[in-house]
Structure formats: C-alpha cells, structure tokens
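1. Sharing a model that was predicted from the sequence below.
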Amino acid sequence: MTTKQVLTIAGSDSGGGAGIQADLKTFQERNVFGVSVLTAVTAQNTLGVHGVHPMPLEMVEAQLDAIFSDFNLSAIKTGMLVNGDYMELIANKLLDNKIAPLIIDPVMVAKGGHPLMASTAVEVMKSRLVPLADVITPNIPEAEALTGTEIMNKKSMLKAAYQLKEAGSKVVIIKGGHALDDPQASDLILLESGEEVWLSTPRIDTKNTHGTGCTYSACITAEIAKGHSVLEAIKTAKAYIQAAISDPLEQVGHGHGPTNHWAYRKLN
C-alpha cells in the first residue's frame, strides 16, 4: 500500500514549536510522510520572533514544482504565507496541481504578537485561497480579520463561519481558544452539508501553547490524507492537541513553550 504523502507550505520556526517543524513532527506522529515548501525563515524562540526572512518567490516556485513533479500527495496544508504575492503564486500552482484536499491555517500573528502576514494580504487570501479550501481553521482573531465580524459569542462565531463558507471554503473551523470567558475551549465546525458541530475540551491553564494552531491543522491534514472523513479528522486533531497541551514538555525555552507532539501517542 502506498505511503500517504502530505505537503505543508509554511514558514520555518527555528525554535521548533510551530511552522514547518511542528507540521512535520505532527505528520510523523500520525504516520504520514511529510514534505515541505518554505515560504520564510524566522529567527524565533519561545520568547518571540526576532527576525523574518521571506524566501525569494522564485525559490518558493521551484520548491512547489519539485514537490508536485514527484510526490503523490494525499493532502496539502498552508500556514505562514507572508503576503499577497506569495498567495497569488501558491493559488496559481494549486489550481494547476489541485490533486489533493487543501487545509488552510490562516496564520497571521505569532504567539508573541509578531505579525506573520501582511495586513494587505487578507483580501488576497479571501479572494484567491479560501475558494480553493476544503477546510479553513482560523482562530477567533483570524476569523474576525477575514470576515470583518466581531466575535463575542457563539452566535457571532456562527455568523463568521457562514461568511467563510460563502467565500468558498467547504468546511470551516473557528477555534475557540481565544474566548477567555469560556471555561471550555469550544471549536465550531461548519460542515459542507451545513451541519453545525461544537467540540469542547476543558481549558488548560498553561503558557506552553506555542504552535497549537499549526499542530491542530497538521493533524487534520494527516487524518484526511489517510482517508478519514473531515469530521473524524477534526475530532482526532482536537484530541491530539488537547493531549499535546495537557502533557507539557519540561523546561523547553523560557517563554511560550511548545506543545508535546508525542503526548497523544502515549495515550494510544
């Protein structure tokens, strides 16, 4: 049986907790083979982002061409995409090579607050990439930026989710981790059928949450690649990230520490 192969298009985190590094660790844990296209190199640790060097566009294109010409991809995810020029290039390449489900993690800001996507790129993401998405996974601030809707409660979460579905994504997940007035981390899933599903887990009081969004979307990508339904994939990813946060790594860095990518394996 062919080994499932998945692609992540994202930035590199030198601190190892987010970005390409988190994606590849998660892919490995979920038994798929990960390949990558780097959009940027960051000088980053648990204390923050200290520098960003975007990859030349021609190198991003060369990486994409190399991957698409050789690997049999079963799913593709995107993370940090820098700005609208990168999004236009990636959208065009995906249209030419749309051979697998696309999962978009619309990375905009690092855990420490450093912007990872140009503000002018929001409209490009909405017009070029969201219509290609099988799944999009914004947190609350990202969903607000993409829709212009202020999210204060579950009703406004639903409104934003329907806006993103109308923009073209087949399935929308709005992650509830930023809703600090809720003792549960409640994620909204708006399925392609229009069914609304809420997944909730207890909120964990920890600063070790660096790379949660990358890890969550990477797990969804891996599970979809293996042939699971979108809802099954999301449920597994929710359990995976809950385990990764609940079983912290000891003394890795001095700021927002990474999640534990092998914690879920210990439960199974």
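-> That came in fine, so what should we check first? As the structure is a prediction and not an experimental result, all values here were calculated from the model. Numbering: from 1, shown residues only.
2. Report the separation between residue 18 and residue 76.
-> According to Cβ to Cβ, to the nearest Å, residue 18 and residue 76 sit 18 Å apart. C-beta: built from backbone N, CA, C; applies to glycine.
3. To clarify, my last question referred to residue 251.
-> Applying Cβ to Cβ, the value for residue 251 to residue 76 is 35 Å.
4. more crowded one of these two?
-> Counted by other Cβ atoms under 10 Å, residue 251 and residue 76 do not tie: residue 76 has more neighbours, with 28 against 7.
5. hang on, isn't that one packed against residue 23?
-> No: contact criterion Cβ atoms under 8 Å: residue 76 and residue 23 do not qualify, at 11.1 Å.
6. shared neighbours of those two, which are they?
-> The contact sets of residue 76 and residue 23 overlap at 8, 221 (Cβ atoms under 8 Å, 6 or more residues apart in numbering).
7. any idea how far residue 81 lies from residue 40?
-> 9 Å.
8. Looking at those two, which has the bigger crowd around it?
-> More crowded of residue 81 and residue 40, by other Cβ under 10 Å: residue 81, with 31 against 21.
9. and the gap between that one and residue 3?
-> 27 Å.
10. What are the boundaries of the strands in the stretch 1-150 of the chain?
-> Per DSSP state E, counting those that start in this stretch, the stretch 1-150 of the chain carries strands over the ranges 5-13, 33-45, 48-54, 73-78, 102-104, 135-136.
11. So which residues of this structure form helices?
-> 19-29, 57-68, 84-96, 122-124, 140-147, 154-166, 212-225, 230-246, 263-267 (DSSP state H).
12. what comes up buried for the first one?
-> So the one you mean is helix 19-29. Residues of helix 19-29 classed as buried by neighbour count (16 or more other Cβ atoms under 10 Å): 19-27, 29.
13. Low-confidence bits of the stretch 1-150 of the chain, can you list those?
-> For the stretch 1-150 of the chain, the stretches with pLDDT under 70 are 110-116.
14. can you pull the pLDDT of residue 250?
-> We have a pLDDT of 88 for residue 250.
15. Can you get me a residue count around it?
-> Residue 250 has 7 neighbours, counted by other Cβ under 10 Å.
16. That one and residue 157, how far apart?
-> 35 Å.
17. One more: residue 77?
-> 22 Å.
18. got a list of what residue 222 touches?
-> By Cβ under 8 Å, 6+ apart, the residues touching residue 222 are 4, 6, 26-27, 30-32, 75.
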